[in-house]
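A.B. asks: What follows is a predicted structure for the sequence shown.
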Amino acid sequence: MQSLTISGLEKRFPGGSVAVGGIDLDLRPGSFTTLLGPSGCGKTTTLRCLAGLEVPDAGRIQFGDDVFVDVAAGRFTAPHKRHLGMVFQSYALWPNKSVLGNVAYPIRLRGGSRTDAETKAKEALRTVGLVGLEQRYPHELSGGQQQRVALARGLVSASGLLLFDEPLSNLDARLRLTMRTEIRRLHDELGYSSVYVTHDQEEALAVSDYVVVLNAGRIEQAGTPHEIFARPASTWVADFVGFDNILPVLEGDADGLTVVGGGGMAVEAGRIAALRGDSIAFRSADVDFAHRARPETVSATFRGRVTSSSYLGDAYRLGVEIAAETTVIATIPDSSRDQTQEKYLGEVHEFAVAAQDVIVLP
Ligand SMILES: Nc1ncnc2c1ncn2[C@@H]1O[C@H](COP(=O)(O)OP(=O)(O)OP(=O)(O)O)[C@@H](O)[C@H]1O
Ligand SMILES: [Mg+2]
C-alpha cells in the first residue's frame, strides 16, 4: 500500500478567489481520510487536484512512487494515468450506456479487452450488490442503485486510491447510513486509501480514521475523529463541531470565573489557572440540572433564569441568562409526563457540566 503526500498545494481561480491556500498532508497507506468543512472551503478543489481534473498553481502530490503533479518541476500526470477511482455527488453516469457498460467503459478506455472489461465490471457490480441489474439503464434505477453503479465504476478504475466527493448527499437518510457503512467496508476489504469529502460531521465521524477540517482553503485541524470532535483546537473548529457554548473568560479566582458579559461560573479550582484569557466551551447537550449531576464528575456549574424554552419531544433547549449580556444554552432531557410547550420558562435553576465535557480554548 502506498502513502499519499500533499505539500504546499495552492489553487486560485480567475478573479482572484483562493480556493486552496497551502495544504500539507501526509496520509498513511490504507487510511480513510475525510476532508470536512463548510461550503466553499476548498474540499472539491483539493479532490480535483488529486484526481488531475484541476491543475494547481503550486505544490506537489505524490501517491506511492507516482508523482501526480509537481508544479515546481513542471510535472503533471494525466487523470487516466493516475489509476484512481472517483465517485461524485451527481453520480455522473452515462445515460446511454447500460449499468454494465457504465462500469466496463473505464476499463476499455485504459485498453482492456471487451471480455476483460466485462469480467471486471461484473465483479465490481457483485461487490456493490447489483447482480441482475447489468442490462438496465441509469434512468431505470433508484438513486441508491445509481450511486452503487458510480461506486462500482470508481472501484474498477482504482488501483489503490479512491476519491469521494459528497457521494451520499442525494440519498435519503436511511440509504445514506447503509451506503456509508458499505463504502467503509469496501475500503477495508480492498485495502485502498480513500479521501472522502463531506460537510456532514456525523458521516465524517462514522467512516474516517483521520479527519482534516478545512476553513477557507486551509487546514484548521487534522486528527482522529475523537480528537476533532472531543478536543477541537480552535474556537472555529469548536463552533463547527457543535460546541454551542463558547464563553471567553475575563478573570478567574478560587471562587470561580467571570465570562464576557459578566456572567459567573463556578469551575473546579484546578482548571482556573489555565482559563484566564482563554475561553471555555461545552455542548448544550452536555448540560444538565445540577441536582441530577453526579457531584464527583462536575467541573462547571452556573445558575440563571430560563429566558427561552423550545420543546424537542424528549428534551428542552433552554436559553439560560447567567448575566444581563450572557446566555448559556442547555439541552435538558425530559421524558416526564407533564411536558408542555414552554416548560421551565422564567424559572431559576442551577446547571452543571461534567469535567470531560468542558474544553479550554486558546
Ligand atoms: N471553476 C471555478 N471558478 C472560480 N471559482 C471557483 C471554481 N471552482 C471553485 N471556485 C471557488 O473556490 C472556492 C472553493 O470551492 P470548492 O468547490 O472547492 O468548495 P467546497 O468546499 O467543495 O464547497 P461545497 O461544500 O459547497 O461543495 C469557492 O469559493 C468557489 O467559489
Ligand atoms: Mg464541493
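C.D. replies: Arrived safely. Please read these numbers as outputs of a predicted model, since none were measured by experiment. Ligands and ions are numbered 1, 2, ... in the order given.
A.B. asks: Flag the helix or strand of this structure with the lowest per-element mean pLDDT.
C.D. replies: The helix or strand of the chain with the poorest confidence is helix 269-272; it has a mean of 63 (mean pLDDT, DSSP states H and E).
A.B. asks: hmm, who's touching the next helix or strand after that helix?
C.D. replies: Toward the C-terminal end, the helix or strand that comes next after helix 269-272 (DSSP states H and E) is strand 279-282. Strand 279-282 has contacts (C-beta atoms under 8 Å, 6 or more residues apart in numbering) with 232, 235, 238, 243, 245-249, 257, 259, 265, 267, 300, 353, 357-361. All C-beta spots, glycine's among them, are computed from the backbone N, C-alpha and C.
A.B. asks: Return the subset of those residues lying in helices.
C.D. replies: Under the assignment DSSP state H, these contribute 235, 238 to helices.
A.B. asks: Buried only: go through the contacts of strand 279-282 for me.
C.D. replies: Buried residues within these, defined by neighbour count using 16 or more other C-beta atoms under 10 Å: 232, 235, 238, 243, 245, 247, 249, 257, 259, 265, 267, 300, 353, 357-359, 361.
A.B. asks: Next step: those restricted to strands.
C.D. replies: The members of the buried ones among the contacts of strand 279-282 that map onto strands under DSSP state E are 245, 247, 249, 257, 259, 265, 267, 300, 353, 359, 361.
A.B. asks: Surely Thr5 is within a strand?
C.D. replies: Yes. Counting by DSSP: H, G, I helix; E, B strand; the rest coil, Thr5 falls inside a strand.
A.B. asks: Would you mind confirming that it makes contact with Asp26?
C.D. replies: Yes. Using C-beta atoms under 8 Å, Thr5 makes contact with Asp26 at a distance of 5.3 Å.
A.B. asks: neighbour count winner among these two?
C.D. replies: Counted by other C-beta atoms under 10 Å, Thr5 and Asp26 do not tie: Thr5 has more neighbours, with 16 against 10.
A.B. asks: Name all residues that make contact with the nearest residue to that one once chain neighbours are set aside.
C.D. replies: Nearest non-adjacent residue to Thr5, counting by C-beta to C-beta, 6 or more residues apart in numbering: Gln62, 4.8 Å away. Contacts here follow C-beta under 8 Å, 6+ apart; on that basis Gln62 touches 4-5, 68, 70.
A.B. asks: which two from those end up farthest apart in space?
C.D. replies: Greatest spatial distance in the contacts of Gln62: Leu4 and Asp70, 14.2 Å, computed using C-beta to C-beta.
A.B. asks: Look at these two and report which has more neighbours.
C.D. replies: Leu4 (23 against 16).
A.B. asks: Distance of the more buried one relative to ligand 1?
C.D. replies: Distance of Leu4 to ligand 1, given as C-beta to the nearest ligand atom, to the nearest Å: 18 Å.
A.B. asks: now the strands for the stretch 51-200 of the chain?
C.D. replies: Secondary structure of the stretch 51-200 of the chain (DSSP state E, counting those that start in this stretch): strands at 58-63, 66-70, 75-76, 84-87, 161-165, 193-198.
A.B. asks: With respect to the ones you listed, which exhibits the lowest mean confidence?
C.D. replies: If you rank the strands of the stretch 51-200 of the chain by mean pLDDT, strand 84-87 sits at the bottom with a mean of 89.
A.B. asks: Which elements pack onto that strand?
C.D. replies: Where contact means 3 or more C-beta pairs under 8 Å, 6 or more residues apart in numbering; DSSP states H and E, strand 84-87 is packed against helix 43-51, helix 143-157, strand 161-165.
A.B. asks: and the second one, what's its mean pLDDT?
C.D. replies: Same thing as helix 143-157. 87.
A.B. asks: how about it: buried residues?
C.D. replies: Residues of helix 143-157 classed as buried by neighbour count (16+ other C-beta under 10 Å): 144-157.
A.B. asks: Next, count neighbours for the closest residue in space to Leu168 that isn't next to it in sequence.
C.D. replies: Once flanking residues are discounted, Leu168 sits nearest to Arg176: 4.6 Å by C-beta to C-beta, 6+ apart. Per other C-beta under 10 Å, the neighbour tally for Arg176 reads 19.
A.B. asks: Done for today, thanks.
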